[in-house]
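1. Okay, predicted coordinates and the sequence, questions at the end:
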Amino acid sequence: MNGSDWIVPDWPAPAKVRALITTRAGGASRGAHAGLNLGMNCGDDMDAVAQNRASLRRSLPAEPLWLRQVHGTRVVDAEATEGAPEADAAVARRPDSVCAVLTADCLPLLLCDEAGTTVAAVHAGWRGLCAGVIEQALSAMDLPPQNLLAYLGPAIGPEAYEVGAEVRAAFVAADPEGDAGSAFVPGKPGKFYADLYALARRRLARGGVARIHGGGFCTYTERERFYSYRRDSVTGRMASLIWMEP
């Protein structure tokens with residue numbers, strides 16, 4: 001296990017809030033999943049994933065709430081949920097309750113408030129972003145948005161994320177009075193390069209969140225550090241986790 005390459009968010013969160021984002025460094029997985037794969041449903045050997053999760057667990061105060069992510073908008077209460085709920089975001093208000101999302105190109109978003117009373121982890125691929133998973137997470141936190149801080153974890157970068165015209169059209173339709181279309185740069189005929197970071201920043205700002213940090217990674221191009229589904233198809237998953245200390 002090698003946590004030296006993990007990302008500790010550089011953001012002005014209160015001291016009691018802890019967060020980390022794993023990379024593919026270390027771990028027991030081999031072959032296409034080589035490294036610290038934490039995803040149970042991506043074709044890896046289950047014993048290797050169990051070893052990886054057990055290794056991660058030693059750096060956490062409790063077992064994370066692992067979600068069954070479906071690119072939707074459902075947000076669950078980490079303290080009132082058991083098993084692996086079908087959801088794409090989780091919120092926690094008690095110390096040592098660990099929220100987590102798994103990604104390999106989609107955007108992981110971590111949220112907390114300046115007083116350290118509430119944290120959230122959000123899985124935001126383009127479908128969830130467009131459908132409103134960020135807005136649902138902000139609503140579930142039920143705090144003044146001006147008191148919130150956001151951190152954008154590693155996702156596929158805007159120079160690598162090619163999408164069809166229908167994706168751009170969906171964002172423009174969902175934000176007819178805004179400039180969501182500016183987050184798409186024309187590529188080949190009928191194709192665009194999408195900036196997930198810009199789209200998430202827009203949704204956060206529209207929701208009243210002004211303090212937004214992180215971004216600037218590219219899971220697709222940083223082959224040695226990150227898993228990327230778009231690049232490799234068969235690959236592992238990284239975890240973005242957040243919790244509060246007592």
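-> Good, I have the coordinates.
2. nearest residue to Y229 other than its sequence neighbours?
-> In space, Y229 comes closest to A104 once its chain neighbours are excluded; the distance is 4.5 Å by Cβ to Cβ, 6 or more residues apart in numbering. Yep, even glycine has a C-beta here, placed from its N, CA and C like the rest.
3. ok, which stretches of the chain are helices?
-> Using DSSP state H, the helices of the chain run over 46-57, 126-131, 133-141, 165-174, 196-206, 229-232.
4. Would you indicate which residues of the last one are buried?
-> Right, the one you point to is helix 229-232. Neighbour-count burial for helix 229-232, counted by 16 or more other Cβ atoms under 10 Å, picks out 229, 231.
5. what sits up against it?
-> Under the criterion Cβ atoms under 8 Å, 6 or more residues apart in numbering, residues 32, 104-105, 156, 160-161, 219-220, 223, 235 lie in contact with helix 229-232.
6. Filter those residues down to the buried ones.
-> Applying 16+ other Cβ under 10 Å to the contacts of helix 229-232 flags 104-105, 156, 160-161, 219-220, 235 as buried.
7. Same list (those residues) but as JSON lines, adding pLDDT and distance to W6.
-> Output for the buried ones among the contacts of helix 229-232, formatted as JSON lines (pLDDT from 0 to 100; distance: Cβ to Cβ, whole Å):
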{"residue": "A104", "pLDDT": "98", "distance to W6": "16"}
{"residue": "D105", "pLDDT": "98", "distance to W6": "18"}
{"residue": "I156", "pLDDT": "98", "distance to W6": "19"}
{"residue": "A160", "pLDDT": "98", "distance to W6": "22"}
{"residue": "Y161", "pLDDT": "98", "distance to W6": "24"}
{"residue": "T219", "pLDDT": "98", "distance to W6": "15"}
{"residue": "Y220", "pLDDT": "98", "distance to W6": "19"}
{"residue": "T235", "pLDDT": "98", "distance to W6": "18"}
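8. Pick out whichever of the residues you listed sits closest to A13.
-> T219 (22.9 Å; Cβ to Cβ).
9. Report pLDDT for the closest residue to that closest one other than its chain neighbours.
-> Spatially, and ignoring its direct neighbours in sequence, T219 is nearest to F226 (4.0 Å; Cβ to Cβ, 6+ apart). Per-residue pLDDT puts F226 at 98.
10. for P176, same thing?
-> Reading off the model, P176 has pLDDT 83.
11. roughly how far apart are it and Y229?
-> Note on P176: its distance to Y229, by Cβ to Cβ, to the nearest Å, is 31 Å.
12. and the closest residue to E135 other than its chain neighbours, how many neighbours?
-> The shortest distance from E135 to any non-neighbouring residue, by Cβ to Cβ, 6+ apart, is to G207 (5.9 Å). Residues near G207, counting by other Cβ atoms under 10 Å, number 16.
13. thought the residue nearest to T219 was touching P154?
-> Yes - because the distance of 5.6 Å satisfies Cβ atoms under 8 Å, F226 is recorded as touching P154.
14. and the gap between V8 and V172?
-> For V8, the distance to V172 - Cβ to Cβ - is 36 Å.
15. for the residue nearest in space to the middle of the chain, what are its contacts?
-> Note on the chain: the residue nearest the mean C-alpha position is P108, at 1.2 Å, using Cα atoms, centre = their mean. P108 sits next to 21, 101, 121-124, 152-155, 238, 240 when contact means Cβ under 8 Å, 6+ apart.
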